[in-house]
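> here you go, sequence then predicted model.
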Amino acid sequence: MANATQVSSTDRRMPLVEHLIELRKRLMRAALGIIVGSVIGWFLSDQILLLMSAPINGAGDGRLAKLNFTNVTSAFDVRFEIALIAGIVITSPIWLYQIFAFITPAFTRQEKKFVFGFFFSAVPLFLAGCAAGWFVIPHIVVLMISFAPGNSASLLDGKEYLDFALRLMLIVGVAFVLPVFLVIMNFARLVRGKTIFKAWRFALLAITLFTAIATPSADVISMLLLAIPMVALFFAAVGVSVVHDRRLDRREAAALAGAGTLE
């Protein structure tokens with residue numbers, strides 16, 4: 001009897017153990033991909049640094065703005081961070097695939113087709129979010145430098161500026177992917193589309209706060225440039241979820257009707 005109980009207990013634990021092993025495998029693959037991407041990013045760091053410095057060099061209006069590295073290790077730290085963020089962006093198809101591959105066992109065979117469809121939408125959404133973050137950076141820089149007196153020089157801390165610019169791009173990229181995970185939660189029947197829609201006020205507030213924090217320059221144009229696509233993506237996720245719920249409801253109603261007829 002004790003042996004049967006022990007076997008039963010082991011059987012119950014095995015799925016969790018296998019789940020953790022699968023998680024470790026996916027994380028290791030994602031990390032390895034990011035490391036390889038970071039090596040590529042290291043060799044591209046000079047070109048990326050020039051591109052990210054362009055908004056400062058082109059501020060104009062009689063104001064001089066230059067990046068300033070305040071200590072010996074700042075330039076190396078900046079290159080390392082550029083390489084890491086570039087590696088994350090370059091290998092986004094790899095680590096996003098690992099995320100989706102990890103969650104697919106929770107779905108049926110039919111639902112898995114949709115999940116991998118979401119993967120193919122998540123990658124361009126992440127890249128579009130990074131591009132949106134890149135697009136608003138010049139607006140923020142020009143606005144902040146415009147407060148300096150005419151014919152003056154603004155010496156910006158290179159590490160702080162690039163920290164801000166790189167993290168803004170990465171955070172906005174991740175934010176653009178979040179609606180995809182809302183839809184996945186709906187397909188997993190964890191939340192219904194109507195429930196997601198009822199939270200639209202909180203979603204708008206969260207998006208507003210996020211864009212205000214991500215663009216700490218009181219620049220309404222930059223906030224709108226980030227907020228509008230994020231709001232559109234949220235309501236697109238709501239629309240997909242509601243349509244999916246209606247299809248499931250019709251399918252279940254038809255199944256119940258068929259079962260009643262057989263009886």
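Sure thing, it's come through.

> where's the nearest residue to R79 once chain neighbours are set aside, which helix or strand?
Using CB to CB, 6 or more residues apart in numbering and skipping the chain neighbours, the partner closest in space to R79 is S45 (4.6 Å). For every residue, glycine as well, the C-beta is placed using N, CA and C. If you go by DSSP states H and E, S45 is part of helix 2-57.

> how about V72?
Applying DSSP H and E as the criterion places V72 outside every helix and strand.

> backbone dihedrals for it, please?
Torsion angles at V72 (phi, psi; degrees, to the nearest 10) stand at phi -60, psi -40.

> count the neighbours of it for me.
Neighbours of V72 under the rule other CB atoms under 10 Å: 7.

> just the pLDDT for S121.
On the pLDDT scale, S121 is placed at 87.

> got it, and L23?
Per-residue confidence (pLDDT) for L23: 85.

> same deal with V172?
pLDDT, read off for V172, is 87.

> burial count for it?
Counted with other CB under 10 Å, residues neighbouring V172 total 26.

> wait, it sits on A128?
No. Look at V172 against A128 with CB atoms under 8 Å: they stay out of range, at 9.2 Å.

> distance of P124 relative to L233?
12 Å (CB to CB, to the nearest Å).

> ok, those two, which is more surrounded?
Using other CB under 10 Å, the more surrounded residue of P124 and L233 is L233, with 21 against 14.

> could you find the closest non-adjacent residue to that one?
Distance criterion CB to CB, 6+ apart; nearest residue to L233, sequence neighbours excluded, is P179 at 4.3 Å.

> quick one, what contacts that neighbour?
Contact partners of P179, counting by CB atoms under 8 Å, 6 or more residues apart in numbering, are L125, L233, F234, A236, A237.

> again, only this time at 6 Å
P179 is in contact with L233, F234, A237, counting by CB atoms under 6 Å, 6 or more residues apart in numbering.

> and it, helix, strand or coil?
Secondary structure assignment for P179 (DSSP: H, G, I helix; E, B strand; the rest coil): helix.

> same question for T70.
What three-state DSSP gives for T70 is coil.

> how much space between the closest residue to it other than its chain neighbours and I171?
Excluding the flanking residues, the one nearest T70 by CB to CB, 6+ apart is D157, at 6.0 Å. The gap separating D157 from I171 is 20 Å, by CB to CB.

> so where is the chain shaky, pLDDT-wise?
Residues of the chain meeting the criterion pLDDT under 70: 1-16, 57-65, 106-108, 110-111, 147-154, 215-219, 258-263.

> show me where it has helices.
Counting by DSSP state H, the chain has helices at residues 2-57, 74-90, 92-103, 109-145, 158-187, 193-198, 200-214, 220-262.

> quick one: closest of the ones you listed to K66.
Closest of these to K66 is helix 2-57, at 7.0 Å (criterion: CB to CB).

> report the angle between that closest one and helix 109-145.
Angle, helix 2-57 to helix 109-145, by axes from the mean of the first three to the mean of the last three CA atoms, to 10 degrees: 30 degrees.

> enumerate every residue touching G129.
Per CB under 6 Å, 6+ apart, neighbours of G129: V172, G173, F176.

> quick check, nearest of the residues you listed to A83?
Minimum distance to A83 across these is 16.9 Å, recorded for G173 (CB to CB).
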